[in-house]
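S.K.: my questions are about this predicted structure, shown below with the sequence.
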Amino acid sequence: MSTGLVVAAVTCSVTFATVGVAMIVRPLRRLGPRVRPYLAASRIGLGLSPDIRSDTHPGARMGDNTTWRRPSPPLSTVVDRLGRLLVLVDDEKLALRLRQSGLYPHLEDSLRPQAYRMGVLGRVVLFASGLTAVALVAGSSAARVVFFGLAGGMVGAFLARSRVANGVRRRRNSVRSELYTINQLIAMYARVGGGAIQGIRYVVARARGITVDDLAEVLLLHERGWSLSEALERAERLTPEPEAARTYRLIAISQEQGADLAEALLDLSRDLRAGRRDDLRRQAARRRVLMVIPVVVILAPVTILFMAAPIPSIVFGG
């Protein structure tokens, strides 16, 4: 192997290891998000903006950690443009999708698209460098080295994008499993004379989960001056689960029009239970079909061979 190939292989290996460590190793949790809520009231009293994230944000991050930061404006511009070429989605849609997937929970919605694009770029570099190094060490031709590098980049981009889809699917399943209990609790509280706000407070104080976090955010916005209907409409737009959107819309309508919240939530809970029962039946039927596949693919040919083995001796008298 020539000296140039050795240098290229070592460079790709070092890049592969560096990016892998940057994406895997988690940083220590920062103190700023914990202290920030206590500073908001003081800043408002001084006539300043309560949001100090733009002043204290240290720079863009690679993936979920703080290993790589922007070293200089020219390099950060190049990285940002490469990330936008890999993810051709506008910031608003991408921010909503990332929020629904639960990725980058420590970042604000406006910062998540940039972090995601940098994460995609990091995975593309990681897999491209890794496969290129393998091809160089194996002594492949230049065309194969380029092919392996492109294939690694495509695999990295696909895995990064699949994280979002898998996160949305997991959160939808979690929200769907939580809604029945939450609707029952709010309905019970409303049935004994409590309102929608009191019912939501009761659930937020005693439960944990994705839906509870959404309801806690609704309460926080309501305490900051939003009407309950506006906060629930916002939660309805942001949730990835249609049934959760129905629940928020139902609570908002009952708050505006004075409808019977308890009865409506109980009806919705019955629909949720029936839907989950149907989903479990479909999953059971699908798994029964999957259990038959090994029998048909493996055992059936072996059985046919055993049955057909004595036929030549019987026919030809061997």
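M.R.: Sure thing, it's come through. Residues are numbered from 1 along each chain as shown.
S.K.: what about the helices in the protein?
M.R.: Ranges of helices in the chain, per DSSP state H, are 3-24, 32-45, 53-56, 73-86, 91-101, 112-137, 142-191, 196-206, 210-223, 228-238, 242-257, 261-294, 300-308, 311-316.
S.K.: by mean pLDDT, point me to the weakest helix or strand of the protein.
M.R.: The helix or strand of the chain with the poorest confidence is helix 53-56; it has a mean of 41 (mean pLDDT, DSSP states H and E).
S.K.: if I look at the closest residue to R273 other than its chain neighbours, how far off is R276?
M.R.: In space, and not counting its chain neighbours, R273 is closest to Y180: 5.9 Å by C-beta to C-beta, 6 or more residues apart in numbering. Yep, even glycine has a C-beta here, placed from its N, CA and C like the rest. Separation of Y180 from R276 (C-beta to C-beta, to the nearest Å) stands at 7 Å.
S.K.: do the same with V87
M.R.: For V87, the distance to R276 equals 34 Å [C-beta to C-beta].
S.K.: tell me which of the two has more neighbours.
M.R.: The residue with more neighbours, out of V87 and R276, is V87; 18 against 15, by other C-beta atoms under 10 Å.
S.K.: so that one touches R123, yeah?
M.R.: No: contact status for V87 versus R123: not in contact, 11.5 Å apart, counting by C-beta atoms under 8 Å.
S.K.: for L228, which residues are in contact?
M.R.: Taking C-beta atoms under 8 Å, 6 or more residues apart in numbering, we find L228 in contact with A196, I197, V218, H222, I251, A252, Q255.
S.K.: ok, now with 6 Å
M.R.: Remark: with contacts taken as C-beta atoms under 6 Å, 6 or more residues apart in numbering, L228 is in contact with H222, Q255.
S.K.: quick one: pLDDT of it?
M.R.: You'll see L228 listed with a pLDDT of 86.
S.K.: still on that earlier bit, burial check on the residue nearest to R273, number of neighbours?
M.R.: 18.
S.K.: and what of Y202?
M.R.: Taking other C-beta under 10 Å as the criterion, the count of residues near Y202 is 16.
S.K.: dump the residue contacts of it.
M.R.: With contacts defined as C-beta under 6 Å, 6+ apart, the neighbours of Y202 are Y189.
S.K.: so how far is W226 from A235?
M.R.: In this structure, A235 and W226 are separated by 11 Å, where distance is defined by C-beta to C-beta.
S.K.: comparing those two, which residue is more hemmed in?
M.R.: In terms of neighbours (other C-beta under 10 Å), A235 is the more surrounded of A235 and W226; the figures are 22 against 16.
S.K.: so what's the more buried one up against?
M.R.: So, once contact is read as C-beta under 6 Å, 6+ apart, A235 ends up touching D214, V218, Y248.
S.K.: pick the one among those closest to A142.
M.R.: The closest of the contacts of A235 to A142 turns out to be D214 (C-beta to C-beta; 53.2 Å).
S.K.: phi and psi next, for G258.
M.R.: G258 has phi and psi values of phi 70, psi 30 when expressed as degrees, to the nearest 10.
S.K.: how deep is it tucked in, by neighbour count?
M.R.: Here the neighbour count serves as a burial measure; for G258 (other C-beta under 10 Å) it reads 8.
S.K.: quick one: low-confidence ranges for the protein?
M.R.: For the chain, residues meeting the criterion pLDDT under 70 lie at 1-86, 88, 317-318.
S.K.: could you rerun that using 90?
M.R.: 1-167, 172-247, 249-318 (pLDDT under 90).
S.K.: M291 versus R144, what's the distance?
M.R.: Relative to M291, R144 is positioned 41 Å away (criterion: C-beta to C-beta).
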